[in-house]
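Chemist: coords please:
(one chain, ligands or ions: 1)
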Amino acid sequence: MSEPTTPFEDALPADNPDWTPLAQEDVYLGELAAWSPLIAHDLDVARSFGDRPINLLRVGNPAATLGESRRAIYISGCIHGNEPAGREALFTWLREVVAQDADFLRTHHIIAVPTINPDGRANDTRGNDDSNRDLNRVWVQLDQPEIFYSCELLRDLRPLMAIDLHEFVGGGEDVAKIRGADIPDADEALRGLAEDVSGQLIDHLNSLGINADWWPSNTNPRHARNAWGLKHALPILVETNRSEGYDRRVRYEAQLECLRFLWGWYKDHWRDAQAATGNARRAKVHEGLTRDRAFAMVEGDEVFPPGRSYTISAADAVTHGARLAAHGINTAAVDDASGDVQARCDQAAQPMLPYVVDADSAYNILSATRNSDLQDDIRPHRLGRLGQ
Ligand SMILES: [Zn+2]
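Modeler: Numbers count the residues shown, from 1 in each chain. Coordinates of the predicted model:
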């Protein structure tokens, strides 16, 4: 089969071609999967609030179990439906990668959801069909199906790097803006690495003549990049300028250069990402055990001590169990007849846990009882795993 192209690409080199319509997405993804044995597409892996299908692409060795190798990057496009340049670039870039890096892809996966917000893409709106709900503000609550699904995917995949493709309005002469995670509860070394990669990408874009700068800081856990940092993936936010005067081709090409650079970085440095994400998980388990740090719960409102475990009522455990599980929060039955469950803080989901269950969190799903002890035997052998 010949190399497939999108309707957008077919219209190039025009400066302002129409985006590939949502209705054409599954057609093109199907062609991609037929074209390369390294590409599999799962149509309709989840449904949006407005009951539109969400498509997922798996790029890599089809014989390898997804998530088993822990060598994967995750790319999400169009969480804001009216910011489609990254989605369009993703369509092109996936072909390039398969053509150039078949060997590398024998042991690594790319998991891409080009349009995580199909309602918004269909309507050209920021949010989904639930009264234009902003899907990049629900990463703690998970009360929208698109992000509930994304969260389960991230839990199972444990990507080393996670890339969030957006666009913005304003920003003067900047074509692109880049940022890692800012939230203090995410592992510091992981945040540092994300900042380092972001800085390199900004320099690279400027060297190509694409004006680029930092996206403003924000420590809110409801945003994807911060939530992903709390989940120990190396998060990178890519934004391009969709203001009037910035043609679609310019935005698409800037996004394409970002994907090319980040993939190149990943190929050279995936071991660094693997070490950083693994260390972050272990460090947060340890931190949950020792509790020597305040939580910046929301926008600087600190809660200390944040608790070393939480007791969740039996009723809440039943009602909200699926969302706790989607966050990867482990619970165990309390040793009495109540049916209550306990979530200890010495688990990998620790940085997200208080945001989800603490009564003082602005975005909690439920209000659990904060305990100052682990309510279980402390297992000192866990300390020995640090730094391995
Ligand atoms: Zn956005």
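Chemist: Could you check how far Ala233 is from Ile365?
Modeler: 21 Å (CB to CB, to the nearest Å). The way it works is simple: take the backbone N, C-alpha and C, and place the C-beta from them, glycine included.
Chemist: residues in the protein within reach of the ion, list them.
Modeler: With CB under 5 Å from the ion as the criterion, the chain comes near the ion at residues 80, 83, 166.
Chemist: Count the residues that sit near the last one.
Modeler: Counted with other CB atoms under 10 Å, the neighbours of His166 add up to 23.
Chemist: ok, now Glu25?
Modeler: Residue crowding around Glu25 was assessed by other CB under 10 Å; the count is 21.
Chemist: what residues are up against it?
Modeler: By CB atoms under 8 Å, 6 or more residues apart in numbering, the residues touching Glu25 are 55, 114-115.
Chemist: give me that answer again for 6 Å
Modeler: The contact partners of Glu25, by CB atoms under 6 Å, 6 or more residues apart in numbering, come to none.
Chemist: got a pLDDT number for it?
Modeler: You'll see Glu25 listed with a pLDDT of 94.
Chemist: quick revisit: output the residues of the chain next to the ion in TSV, with secondary structure appended to each entry.
Modeler: Shown next, in TSV, are the residues of the chain next to the ion (DSSP: H, G, I helix; E, B strand; the rest coil):
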residue	secondary structure
His80	coil
Glu83	coil
His166	strand
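Chemist: nearest to Glu152, of those residues?
Modeler: His80 (21.0 Å; CB to CB).
Chemist: Quick check: the closest one vs Val140, distance?
Modeler: 18 Å.
Chemist: ok, now how distant is the residue of the chain most remote from its centre from Ala314?
Modeler: Relative to the mean C-alpha coordinate of the chain, counting by CA atoms, centre = their mean, the farthest residue is Ala337 (38.5 Å). Plainly put, Ala337 is 10 Å away from Ala314 if you go by CB to CB.
Chemist: How about Arg370: what's its closest non-neighbour residue?
Modeler: Spatial nearest neighbour of Arg370, excluding adjacent residues (CB to CB, 6 or more residues apart in numbering): Gly307 at 3.7 Å.
Chemist: Would you confirm that that neighbour contacts Ala368?
Modeler: No: Gly307 sits out of contact with Ala368 when judged by CB atoms under 6 Å, with a separation of 8.6 Å.
Chemist: Helices along this structure, start to end?
Modeler: Under the criterion DSSP state H, the chain contains helices at 7-11, 22-35, 85-100, 118-123, 145-157, 188-207, 224-230, 248-290, 314-326, 353-357.
Chemist: Helix 85-100 and the longest one, what's the angle between them?
Modeler: On the basis of axes from the mean of the first three to the mean of the last three CA atoms, to 10 degrees, helix 248-290 is oriented at 90 degrees to helix 85-100.
Chemist: by how many degrees do helix 248-290 and helix 188-207 diverge?
Modeler: Using the same axes, to 10 degrees: helix 248-290 against helix 188-207 is 170 degrees.
Chemist: residues contacting the closest residue to Thr319 other than its chain neighbours?
Modeler: Spatial nearest neighbour of Thr319, chain neighbours left out: Leu366 (7.6 Å); criterion: CB to CB, 6+ apart. Counting by CB under 6 Å, 6+ apart, Leu366 touches 316, 320, 357.
Chemist: Gln350 now?
Modeler: When contacts are counted by CB under 6 Å, 6+ apart, Gln350 touches 284, 288.
Chemist: For it, give its distance to Ser309.
Modeler: From Gln350 to Ser309 the distance is 10 Å (CB to CB).
Chemist: got the contacts of Leu366 as TSV, with neighbour count columns?
Modeler: Converted to TSV, these look like this (neighbours: other CB atoms under 10 Å):
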residue	neighbour count
Asp316	18
His320	20
Val357	26
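Chemist: Looking at pLDDT only, which of those scores worst?
Modeler: Out of the contacts of Leu366, that is Val357, at 94.
Chemist: Identify the residue nearest it in space, chain neighbours excluded?
Modeler: Ala368 (4.1 Å).
Chemist: Within its local environment, how many residues does the one residue in the stretch 201-350 of the chain that gets nearest to the ion see?
Modeler: When scored by CB to the ion, the stretch 201-350 of the chain has Glu239 as its residue closest to the ion, at 6.9 Å. Residues near Glu239, counting by other CB under 10 Å, number 26.
Chemist: Dig out what it forms beta bridges with.
Modeler: For Glu239, the beta-bridge partners under DSSP bridges are His166, Lys177.
Chemist: how close does it sit to Ala273?
Modeler: Taking CB to CB as the measure, Glu239 falls 21 Å from Ala273.
Chemist: Could you pull up the residues touching the residue of the stretch 201-350 of the chain closest to the ion?
Modeler: 166, 168, 177, 215.
Chemist: Please name the residues that touch the second one.
Modeler: Okay, so that is Phe168. Here Phe168 is in contact with Glu239 (CB under 6 Å, 6+ apart).
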